[in-house]
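> Structure for the following, please:
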Amino acid sequence: MKKIAFFCIPAHGHHNPMLPVAAELIKRGNQVRFYSFGEFKDKIEATGAQFISCDKYLPELTAEEEAALKSVTISQMAIQDIRITINMNDFLEQEFKTFKPDVVYTDSACFWGKLNAWKFDVPMVVSTSTFAFNQLSSKYMKNSPKELSDMIFGLPKISKEMKTLEPYGYPKKGALELVQSDNNTDSVVYTSRKFQPFSESFSDHYAFVGPSVFSKEMPHKDKERPLVYISMGTVINDRPDFYNKCIDALKSLNVDVIISCGKEMDIDKLGALPENVKVYPYVNQLEVLAKADAFITHCGMNSVSESLYMATPLVLYPQTAEQFAVARSAEENGAGVMLKDDSVEGIKKAVQEVLNNSSYVKAAQEFCDDFRSCSGTAGAAEFIENAPHKSEGVDIIKKFNSTNGIFQLIYWLIASTLILLFGFFITWNYAWIVGLVAGIFNYKVQTATEKFRYKKVVEKYAKK
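From the prediction side, this is the model:
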């Protein structure tokens, strides 16, 4: 039996996949303490884990401040998490000394879990509630100019804030080490290698276990007419404008529609509902998806995974960079169509495409089979029990970066030669223009050849 400390931020999408893992670990005879927040108390205790409240260490917020949290940047959230870690310092120091966990299982965004695992030198496994992101897979995200600016200017701010941790005995770590995992960090990812972009670039420290769910239900699609399910998740779901467009788009089709709008939205904003449309604050999503024929989704990782787990193809409507990455993978694998036009006619067209084109059903069924063949919660539990792990394979990222360095050397040798030739045979006055053009095209050429170069590295070094 091992003593395992769970840590998570106050977010449903991050808790949900951890809960079945906690139940599995307890079933295997382990002791689990789950450090979380009152909103999740009942669900945590239902797994058999001991719930430890951390509510008093969060800053007290007004309703307006709590609403504003939905639009804060990643760097602002990271700085807030560092300050919460300091608030929890004395409490968690006592917990680690008395409970003495053998393993820490912490959400990837939960800094107080990571930092205390490092501080007390306890083996750590990271719970990754979306894709595993590295320098390659992160390119699947579609960052807005605001998000890109935050990434560039936010890291120095996070690094500065991290210095406030030093008097409390936390080890010196870089901002990137705290924000993202690397190929030496034990991590559980709740998807398959097939669905994970650039999966070969992740070492044996990553366990791709498939969706983490309690349900044993199988898809059952037999009914009188198709069912379309609509949900925008648990965070940015107060969207009466979008739901109304969906209702207008689908009310005349020979389909049934279920909308899960969240507890914060006033259902009356949707007006009188057509006979074929039902709206609820909350549904058992897996039960609905087991019957559904199309799912209009914000593309949160849990939602997309659960949809494919139940062989339901998708209409993809991502709202954040991470969600866009999940949507892109689903689209590339043929399991869904991107909703680029969210007008009434655009929604209607996208739903009809998914319902009338059997290729989407086929791809969704293939992922259903793929996900169900993964090790699941039992695999996650075993991986956590046996932490820390060693990686026997080649680090594909290091090999790729090595070839990238050679590529850059060759590219700039050619560019330098062209600059010299231009200067000698035409004019030195404008030779700088050749260098400028070479610099602009460098990124485009590098991006255009990246997948080819990655494929060659994988063919050469990946395990057969």
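> so where's the chain uncertain?
For the chain, the stretches with pLDDT under 70 are 61-72, 143-144, 147-148, 151, 235-237, 463-464.
> quick one: secondary structure of the residue nearest to the spatial centre of it?
Closest residue to the average C-alpha location of the chain: residue 130 at 1.9 Å, with C-alpha atoms, centre = their mean. With DSSP: H, G, I helix; E, B strand; the rest coil as the basis, residue 130 sits in coil.
> Next one: residue 436 relative to residue 415, how far apart?
Distance, residue 436 to residue 415, by C-beta to C-beta, to the nearest Å: 10 Å. Where you see a C-beta, it was placed from the backbone N, CA and C, and this is true even at glycine.
> The two: which has the busier surroundings?
residue 415 (17 against 10; other C-beta atoms under 10 Å).
> residues touching the more buried one, list them.
Residue 415 makes contact with 434-435, 438, 442, according to C-beta atoms under 8 Å, 6 or more residues apart in numbering.
> ok, back up a step: not counting sequence-adjacent ones, nearest residue to the residue nearest to the centre of the chain?
Counting by C-beta to C-beta, 6 or more residues apart in numbering, the nearest residue to residue 130 once its immediate chain neighbours are dropped is residue 301, at 4.2 Å.
> thinking again about what came up before, tell me the buried residues within the contacts of residue 415.
The neighbour-count test (16 or more other C-beta atoms under 10 Å) marks 434, 438 as buried among the contacts of residue 415.
> Just name the closest of the contacts of residue 415 to residue 23, please.
Ranked by distance to residue 23 (C-beta to C-beta), the contacts of residue 415 are led by residue 442 at 50.6 Å.
> Am I right that that closest one falls within a helix?
Yes - per three-state DSSP, residue 442 lies within a helix segment.
> Using CSV, list the CA coordinates for stretch 328-345.
C-alpha atoms of stretch 328-345 as CSV (Å, rounded to 0.1, in the frame of the first residue of the first chain):
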residue,chain,number,x,y,z
ARG,A,328,-7.4,20.2,-35.0
SER,A,329,-6.4,16.6,-34.1
ALA,A,330,-10.1,15.5,-34.3
GLU,A,331,-10.5,17.2,-37.7
GLU,A,332,-7.2,15.8,-39.1
ASN,A,333,-8.2,12.3,-38.0
GLY,A,334,-11.6,12.6,-39.8
ALA,A,335,-13.7,12.5,-36.6
GLY,A,336,-15.3,15.9,-36.9
VAL,A,337,-15.8,19.1,-38.9
MET,A,338,-14.6,22.5,-37.8
LEU,A,339,-17.4,25.1,-37.3
LYS,A,340,-15.8,28.0,-39.1
ASP,A,341,-19.2,29.7,-39.8
ASP,A,342,-21.3,30.0,-36.6
SER,A,343,-24.3,31.6,-38.3
VAL,A,344,-27.6,29.7,-38.2
GLU,A,345,-27.0,28.4,-41.8
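> from the middle of its chain, how far away would stretch 450-459 be?
24 Å (C-alpha atoms, centre = their mean, to the nearest Å).
> Run through who's touching that stretch.
Stretch 450-459 is contacted from outside by 136, 198, 200-201, 396, 399-400, 403-404, 407, using C-beta under 8 Å, 6+ apart.
> And those, which is closest to residue 213?
Out of these, the member with the shortest distance to residue 213 (by C-beta to C-beta) is residue 198, at 25.0 Å.
> Go ahead and confirm the closest one touches residue 133.
No - with contact defined as C-beta atoms under 8 Å, residue 198 does not reach residue 133; the gap is 9.7 Å.
> Give the closest residue to residue 338 in space, chain neighbours not counted.
Per C-beta to C-beta, 6+ apart, closest to residue 338 is residue 316, 4.9 Å.
> One more: residue 16?
Using C-beta to C-beta, 6+ apart, the closest residue to residue 16 is residue 302 (5.5 Å).
> can you check residue 187 too?
Nearest one to residue 187, counting by C-beta to C-beta, 6+ apart, is residue 126 at 4.3 Å.
> which ones are touching the one you found?
By C-beta under 8 Å, 6+ apart, the neighbours of residue 126 are 106-108, 114, 181, 185-188.
> What about these, which are in strands?
106-107, 187-188 (DSSP state E).
> how about the strands in the stretch 151-300 of the chain?
Ranges of strands in the stretch 151-300 of the chain, per DSSP state E, counting those that start in this stretch, are 187-189, 206-208, 227-231, 256-260, 277-280, 294-297.
> Nearest to residue 425, out of those strands?
strand 206-208 (52.8 Å).
> Just checking: what are the partner strands of the closest one?
Strand 206-208 pairs in its sheet with strand 187-189 (parallel), by DSSP bridges.
> Show me which positions of the partner strand end up buried.
187-189.
> Over to the nearest residue to residue 101 once chain neighbours are set aside. Which of the three states is it?
Leaving out its chain neighbours, the residue that sits closest to residue 101 by C-beta to C-beta, 6+ apart is residue 5, at 3.9 Å. Of the three states, residue 5 takes strand under three-state DSSP.
> measure residue 5 to residue 430 for me?
Taking C-beta to C-beta as the measure, residue 5 falls 64 Å from residue 430.
> Strands of the stretch 301-450 of the chain, residue ranges please.
Under DSSP E, counting those that start in this stretch, the stretch 301-450 of the chain gives strands at 314-316, 336-338.
> Quickly compare those and say which is most buried.
Across those, averaging neighbours per residue (mean count of other C-beta atoms under 10 Å) puts strand 314-316 on top, at a mean of 27.
> got a list of contacts for it?
With C-beta under 8 Å, 6+ apart as the criterion, strand 314-316 contacts 294-297, 299, 304, 307-308, 327, 330-331, 335-339, 347, 350-351, 354, 360, 364.
> Okay, now stretch 171-190: how far is its last residue from its first?
The stretch stretch 171-190 measures 29 Å between its terminal residues, going by C-alpha to C-alpha, to the nearest Å.
> and that stretch, which residues are buried?
Quick answer for stretch 171-190 (16+ other C-beta under 10 Å): 175, 178-179, 181, 183, 185-190.
> Turn the strands of the stretch 151-300 of the chain into a markdown table, including distance to residue 157.
Shown next, in a markdown table, are the strands of the stretch 151-300 of the chain (distance: least, C-beta to C-beta, whole Å):
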| stretch | distance to residue 157 |
| --- | --- |
| strand 187-189 | 26 |
| strand 206-208 | 29 |
| strand 227-231 | 34 |
| strand 256-260 | 37 |
| strand 277-280 | 41 |
| strand 294-297 | 33 |
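> okay, those, which one's buried deepest?
strand 294-297 (a mean of 28).
> other SSEs contacting it?
strand 227-231, helix 301-309, strand 314-316, helix 344-356 (3 or more C-beta pairs under 8 Å, 6 or more residues apart in numbering; DSSP states H and E).
> can you put those in CSV and add distance to residue 376?
What follows is these, written out as CSV (distance: least, C-beta to C-beta, whole Å):
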stretch, distance to residue 376
strand 227-231, 23
helix 301-309, 10
strand 314-316, 22
helix 344-356, 27
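> which stretch among those comes nearest residue 20?
helix 301-309 (11.5 Å).
> Give the bridge partners for the nearest residue to residue 291 once chain neighbours are set aside, please.
Closest residue to residue 291 in three dimensions, ignoring its sequence neighbours and counting by C-beta to C-beta, 6+ apart: residue 227, at 5.4 Å. Counting by DSSP bridges, residue 227 is bridged to residue 256.
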